[in-house]
Structure formats: structure tokens, C-alpha cells
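K.L.:
Fold the following and give me the result.
(2 chains)
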2 protein chains.
Amino acid sequence: MPELRRDPVIGRWVIISTERAKRPDQFKGGIEEERLKEGEKCPFCEGNEAMTPPEICAVRKAGTKPDSPGWEVRVIPSISKFLQVEGGLDRRGHGMYDLMNARGAHEIVVETPSHRMEAAAMPGQITKVFNVVLDRMADLEKDPWIKYVLMFKNHGAAAGGSHIKHSRLQLIGTPVNLKRVKEELAGAKAYYDYKDRCIFCDIIKQELSSGKRVIAESKNFISLAAFAPRFPFETWILPKRHSCDFYKMDRSEIPDLAELIRIDFEKKRKVLGEFPYNVVLHTAPFRRDRAKRGYWETIEHDYHWHLEFLPILTRVAGFEWGTGFYINPLPPEDACKALKEAEV
Amino acid sequence: MPELRRDPVIGRWVIISTERAKRPDQFKGGIEEERLKEGEKCPFCEGNEAMTPPEICAVRKAGTKPDSPGWEVRVIPSISKFLQVEGGLDRRGHGMYDLMNARGAHEIVVETPSHRMEAAAMPGQITKVFNVVLDRMADLEKDPWIKYVLMFKNHGAAAGGSHIKHSRLQLIGTPVNLKRVKEELAGAKAYYDYKDRCIFCDIIKQELSSGKRVIAESKNFISLAAFAPRFPFETWILPKRHSCDFYKMDRSEIPDLAELIRIDFEKKRKVLGEFPYNVVLHTAPFRRDRAKRGYWETIEHDYHWHLEFLPILTRVAGFEWGTGFYINPLPPEDACKALKEAEV
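P.N.:
You can find the predicted model right below:
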């Protein structure tokens, strides 16, 4: 059973993945290659359904059977079992250390049946994908062990993507609240406690009035270059109307969001060509029947979900993720100007 | 003048490096190559002193002049001027945002005159390097704007290293305390407030008694596989005697530390071959005449400097540095066993 171990000093949880473990000598030579091996098949392509565990759900043509061709979006459990959907947490100490079983969920949302299509470029496809993601998040909320669902995408080796480039999102349900999530919640709450306003709503207002970092807008959403971006061309997409839970969004607004994502993505492609990137959803943790205290007390008023789109164009040094100190060689105003001018 | 901008929600500071800025279209195609270009000279090699700014200090053979050959360790200002040693901070607001000038220091400690030598493998050389680093830190403490000095090393592209592989350390003096540093200080202080003991001293005691994660020991230092490591083969080196300030260490103990670093490093080389890595020093912030409150109140009792050695053998996904949630496929006990058994 994989373990969740807590760093005793700063409280960062790490999954020690016994299931996925390699032998120490298998790390020799460092990072692996970034191509499909000769003759290797993509497990995410239509027709190769037998290569994956049975699907959790799918958007399918009428009359087609699970785990067979005919789907448009397909959700499967991750092959790398570093989080397990069964069993309890068994929180325990080990001398001064804390650990628990790596209870949780890890699902892959295959965004298109074709290896070559990129979902971000096709609003119709993103709409279908997000509808499925909203279903999955609502379903994961029913698991009492899961406190938070991370939705993210790794594209390209530099962004942690695998050598299989098939367009897909990942959902990770964790049994603990993550440090960065807690920090963001604490920051938003401190602002709200002081000003009685949502900090993200204030950011949107200030950005709309200055205009210097607004890349594009739709009826319900806005795409911004962050004021203090870690990475060149880092952009955030936020709903204009205050809302803390991504998975509770009004589904009629998904096509509007999907079209803004397409515009934001294609502008980046125009300026940057093919590039490695991460997308990370920031949304509120599940709250269920928890006592309304701490971060939860005002979370519906002070927190505001958003998507962070992080191109990986510079080398991120270990000291940056080790210290939380980033160096960005491109002012976001310049990035914004270049993206705004790119016609798509 | 480059700017230090604060993310308004979580308080992370980012340097927006106007001096080093590239045009937006220069990011096209992503990360650059990792080799010296044909005919390109290494600015850190003996004989190429004219390629760098004038040296700050050096360990030199008697009779040789600054910025000429004859040195063993050489400290120069970084060419990328994303931190500036002159001027004030000019802390200011920008609507709801906070920024200040990127006042600080950025120095390169060239560890050997030869392009091919690796300082970590040569205890005599590391001893000279650390003596110089201690001098530089004591000197940077005199600059009232500098709150913290980061010492780190990036080796190899995957670890954020440049294409010039010449062995060197970097020192960055920052005018703000960094989020991760504050977090670690807060964690150590919380433990001390509760137990009246240093958490790192307790870690050393528990590790020595279990033995499962101790890689090597010397008279004054210990090398451990961390209990909750982010990366395979992540190791920490700590002084056995409690001390919060690296730069105030007893200089007579440097050779002992250097020899343990060599053992730790060569064991990794034996198991892993050539591999990309980061080394990050964790030490207490400068305290000067600050009022003794907050983190500073008990810091001399509760904080314990250490070196973190982070091999970059797996792809770190953006979601990991974005969320503080790491997945490590190798249990540290297995890494420790492999390193312990490697004879050097």
C-alpha cells in the first residue's frame, strides 16, 4: 500500500509510491526519453481500450459498449496506482513522523479519441470534457475520504508530461488538504477578513480598469496575465461572477469558457509554436458537513476558482520550487501585449 | 530596474527581470539547448577572466593579480542582473498590488579553475569554497537591505542549470524573506513551542536510533535520506551539534563537512551515473537588530541549518510545484540502502 508521508517541519505531504516503485538502479542516467518506442501503441487511442483498466465513464455514441470504440471522452483509472480508492486511511505515527495510507483517487480523462487532436483547440470538445469532469468531481465528493480534487494537465516532458502525448487531463483526489491550496485559501481569507471583499473579484476589477494584463474576455470569463507570474506567458482564467467551486458551475456557461480557453491557447500557439505546459485548476476543497470554522468559515465569500495556464519555457531550478522564489525574465505586460496582438 | 512583485493572494514574491528580459517571440520553441555552442568559450575557466565582471574576491596563488589566472576559487557578480546591489527598495503599491525594486545581490562562486573538475568530488576544494562562502555571507550581512542569502547549485538542464557546466555555486541575497523559508521557520518554531526541543535535533536522534535512513556519518555531520522526500535519492546533510546559522559554523569543521559531502556525492554517482541535481542550503535569515519577535524570538534554539541535495531523476510536473503535492516513486529506505551499499 503506498504511503502518504508528512514532512515533519513544513507539513508537506508526499506520496511514497510503493506500487509504482522502481529499483534504485532504474534511476540511473536520469530522465527518460520523450517518444513512443518503436511499435509502442498509445493506450489512450480509440481502438486500444483493452490496454487500460475498465472505464469509469464515457461520452459515447448511442449503442456502443463500454471499453469499445465509439467514445468522444473517456475516463479511466490511472495505471500508476499511487493512490488507492479502497481501504481506510490508517493515520499513524512513526516515532516523531506522521504517515497514512495513500487513500484517494487518480483518474485520467482522455479528452479526444484521436492521438493527434488537441482538445484545447476545439471548444466543442472541451465542453464535453468539462461536463464529464463536473460529473466526476460531484461523484468524488461522495467519497468521504477525499478532501480535495486536483485537476491538471501535463503537456510535454519539460512540464512533467509522459512520452505519450495523447491529450488528457488528470484528476487526483487527495485525503489531505494540500499546502499550496491551504496557503491560497488563507491568503484569500485574510483579505476578505480585512476588506469584506473577494480578492479575486478585486483583481478582476483592477485588471479590467487598467487593461494592461487582460488578454481576452468572454461574456462570463476573463483571461489575464498574472501580476506576479512565476513563468513567462503564465495566464489565469477566472469566472467574472464570484464562485468558489468549479464543479458547481452553471453548465450552460461551459461553452463560453471553452471558447475563451481556445482563444487563450491559440494565441499562445501563435506566439510560441509548440510548447510544454501545465494547466492547474484552483478550486475550493470539498466542505460537506465539516464544522464551519477556519478556512471554511467564509470560503464561499472569499475564494474564487480559476484555471492557471503555465507554459514551461524557462528552466525551473530546484531552488525555485525549494524556496518559493521565482525569477521571470518576461514582464507580464509584454506577454499580454504579444498575446493580445496575436490574431486567432 | 527589475521589480520584485508580490502575488497578492499567497504572498509569493517573483522577480520580474526587466534587465534580463527577452522579447516575447524569443521564447518560441521552448527550452534552449544544453551544450556549449561551437567555438563558445566558458567564462568561468581560468584564463577567461576578462569575460566576467571584475571579481569580488578569490583564493589566489601568492603574487597573482585580480581578474587574471592563478586562482583556485573565484567569486564574481552574476552576469544576469536580476538583482541589483545599489539603490533602495522603494516599496510601493500599484492599486491592490505590491512591488519593490529588486534590490539584492547575486554572486557566482566558481568552485574550480578547470571546466572538467567537479568540486563535490574534491574535499580540499570544497573546503576552500565553503571558506569563501562563509566570508561572502558575513559580508552580505552588512548590507542592511539583504534579509536572506540563498546558496544553491543547479547542475544539468533538468535542474535548471545553464548549458555551461563549469562547477559553481550561486548566492542570492534577497530583500524579502522567502515563503518556503518562513514556512520552515514556522514549522520548527511550532515544534519548539510545543516540545521545547529542536525538531531537527529530534530527527537526527530518531534517525540514528532507527538507522534505516542514515547514509553516512562523520564526526560532526550526518547524511540522511529524508523521511518524506520529494525526489528519489533526496538527501539532507545536517550538523550533529545544534546551530541555526551556516555562515557562523566553526571553520575547523569545514574539512569534515567537505569529506561527508564527497562520500554522499560519490555514492550517488556510483548508483546513478551522471545525473542532474540541485543543492540548496537552508539556513536562518539574518537577524541583526530586529526586534526579537515572531520567527526570531526562539530561532537560535528551534532552527537548525542543513543542506538539501536534490537529484532530478523524475519529471517534476507543474502541478507538483503549483500545489506542493509530490509523488515519489522510490521509498527513501530503498534509496538509503542502495547508497549505503555503494562503496566509495
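
K.L.:
what are the ranges of the strands in the stretch 201-344 of chain A?
P.N.:
Using DSSP state E, counting those that start in this stretch, the strands found in the stretch 201-344 of chain A span residues A:214-217, A:221-225, A:235-239, A:277-282, A:306-311, A:326-328.

K.L.:
need the ones you listed in CSV with mean pLDDT and mean neighbour count, can you?
P.N.:
Every C-beta, even on glycine, is put in place using the N, C-alpha and C of the backbone. Below are these laid out as CSV (pLDDT from 0 to 100; neighbours: other CB atoms under 10 Å in any protein chain shown):
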stretch, mean pLDDT, mean neighbour count
strand A:214-217, 97, 19
strand A:221-225, 97, 23
strand A:235-239, 97, 23
strand A:277-282, 92, 23
strand A:306-311, 93, 24
strand A:326-328, 78, 24
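
K.L.:
Quick one, which of the ones you listed gets closest to chain B.
P.N.:
The closest of those to chain B is strand A:277-282. By CB to the nearest CB, the value is 2.7 Å.

K.L.:
still on that earlier bit, the strands of the stretch 201-344 of chain A into JSON lines, with extra columns for distance to residue A:199?
P.N.:
Listed next are these as JSON lines, based on distance: least, CB to CB, whole Å:
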{"stretch": "strand A:214-217", "distance to residue A:199": "17"}
{"stretch": "strand A:221-225", "distance to residue A:199": "13"}
{"stretch": "strand A:235-239", "distance to residue A:199": "11"}
{"stretch": "strand A:277-282", "distance to residue A:199": "13"}
{"stretch": "strand A:306-311", "distance to residue A:199": "11"}
{"stretch": "strand A:326-328", "distance to residue A:199": "20"}
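
K.L.:
Contact residues of the stretch 101-250 of chain A facing chain B?
P.N.:
Within the stretch 101-250 of chain A, the positions near chain B by CB under 8 Å from any CB of the partner chain are A:150, A:152, A:154, A:156-161, A:170, A:172, A:174, A:178-181, A:183-184, A:187-188, A:191, A:199-200, A:202-203, A:206, A:210, A:226-230, A:232-233.

K.L.:
Next step: the residues you listed restricted to helices.
P.N.:
A:179-181, A:183-184, A:187-188, A:191, A:199-200, A:202-203, A:206, A:210 (DSSP state H).

K.L.:
among those residues, which ones are buried?
P.N.:
Those of these that meet the buried threshold are A:179-181, A:183-184, A:187-188, A:191, A:199-200, A:202-203, A:206, by 16 or more other CB atoms under 10 Å in any protein chain shown.

K.L.:
export these to CSV and tack on pLDDT and distance to residue A:296?
P.N.:
Formatted as CSV, these follow (pLDDT from 0 to 100; distance: CB to CB, whole Å):
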residue, pLDDT, distance to residue A:296
A:179, 76, 17
A:180, 79, 17
A:181, 83, 13
A:183, 84, 15
A:184, 87, 14
A:187, 88, 15
A:188, 91, 12
A:191, 92, 16
A:199, 94, 17
A:200, 94, 18
A:202, 94, 21
A:203, 94, 22
A:206, 94, 27
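
K.L.:
tally of neighbours for the residue of the stretch 51-200 of chain A found nearest chain B?
P.N.:
Closest residue of the stretch 51-200 of chain A to chain B, CB to the nearest CB: residue A:160 (2.6 Å). Residues lying near residue A:160 (other CB atoms under 10 Å in any protein chain shown) number 22.

K.L.:
if we can go back for a sec, out of the buried ones among the ones in helices among the residues of the stretch 101-250 of chain A next to chain B, which is nearest to residue B:246?
P.N.:
residue A:179 (24.8 Å; CB to CB).

K.L.:
list the buried ones in stretch A:59-69?
P.N.:
residue A:60.

K.L.:
and residue A:256, how many residues sit next to it?
P.N.:
Neighbours around residue A:256, by other CB under 10 Å: 17.

K.L.:
how about the helices in the stretch 51-200 of chain A?
P.N.:
A:123-140, A:179-195, A:199-210 (DSSP state H, counting those that start in this stretch).

K.L.:
looking at those helices, which has the lowest confidence?
P.N.:
Note on those: lowest mean pLDDT is at helix A:179-195, with a mean of 88.

K.L.:
Can I get that helix in PDB, CA atoms only?
P.N.:
What follows is helix A:179-195, C-alpha atoms only, in PDB (Å, rounded to 0.1, in the frame of the first residue of the first chain):
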ATOM      1  CA  LYS A 179      -0.100  23.100   1.500                       C
ATOM      2  CA  ARG A 180      -0.400  25.400  -1.600                       C
ATOM      3  CA  VAL A 181      -4.200  25.100  -1.500                       C
ATOM      4  CA  LYS A 182      -4.300  26.000   2.200                       C
ATOM      5  CA  GLU A 183      -2.000  28.900   1.600                       C
ATOM      6  CA  GLU A 184      -4.200  30.300  -1.100                       C
ATOM      7  CA  LEU A 185      -7.300  29.900   1.000                       C
ATOM      8  CA  ALA A 186      -5.500  31.600   3.900                       C
ATOM      9  CA  GLY A 187      -4.500  34.500   1.700                       C
ATOM     10  CA  ALA A 188      -7.900  35.000   0.300                       C
ATOM     11  CA  LYS A 189      -9.500  34.700   3.800                       C
ATOM     12  CA  ALA A 190      -7.100  37.300   5.300                       C
ATOM     13  CA  TYR A 191      -8.000  39.800   2.500                       C
ATOM     14  CA  TYR A 192     -11.700  39.100   3.000                       C
ATOM     15  CA  ASP A 193     -11.400  39.500   6.800                       C
ATOM     16  CA  TYR A 194      -9.800  42.900   6.300                       C
ATOM     17  CA  LYS A 195     -11.800  44.300   3.300                       C
END
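
K.L.:
Residues in contact with that helix: which ones?
P.N.:
Residues outside helix A:179-195 that contact it (CB atoms under 8 Å, 6 or more residues apart in numbering or on different chains): A:10-13, A:148, A:197-200, A:202, A:282, A:284-285, A:295, A:297-299, A:301-304, B:8-11, B:179, B:183, B:322-325.

K.L.:
now residue A:108: how far from residue A:164?
P.N.:
11 Å (CB to CB, to the nearest Å).

K.L.:
out of these two, which sits in the busier spot?
P.N.:
Neighbours were counted for residue A:108 and for residue A:164 using other CB under 10 Å; residue A:108 has more, 23 against 16.

K.L.:
what are the bridge partners for the more buried one, then?
P.N.:
Beta-bridge pairing of residue A:108, defined through DSSP bridges, involves residue A:76, residue A:170.

K.L.:
List the residues that contact it.
P.N.:
A:44, A:52, A:75-78, A:168-171.

K.L.:
swap the cut-off to 10 Å and go again
P.N.:
Shown in contact with residue A:108 (CB atoms under 10 Å, 6 or more residues apart in numbering or on different chains): A:43-44, A:52-53, A:55-56, A:74-80, A:166, A:168-171.

K.L.:
Only the buried subset of those, as a ChimeraX command please.
P.N.:
Selection of the buried residues among the contacts of residue A:108 in ChimeraX, burial being defined by 16+ other CB under 10 Å:
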select /A:43,44,52,55,56,74,75,76,77,78,166,168,169,170,171
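
K.L.:
how long is stretch A:43-52 end to end?
P.N.:
End-to-end distance of stretch A:43-52 (CA to CA, to the nearest Å): 6 Å.

K.L.:
Would you indicate which residues of that stretch are buried?
P.N.:
For stretch A:43-52, by 16+ other CB under 10 Å, it's A:43-46, A:49, A:52.

K.L.:
again, but for stretch A:138-151
P.N.:
A:139-141, A:143, A:145-151.

K.L.:
Equivalent analysis for stretch A:244-251, please.
P.N.:
Judged by neighbour count using 16+ other CB under 10 Å, the buried positions of stretch A:244-251 are A:244-247, A:249.
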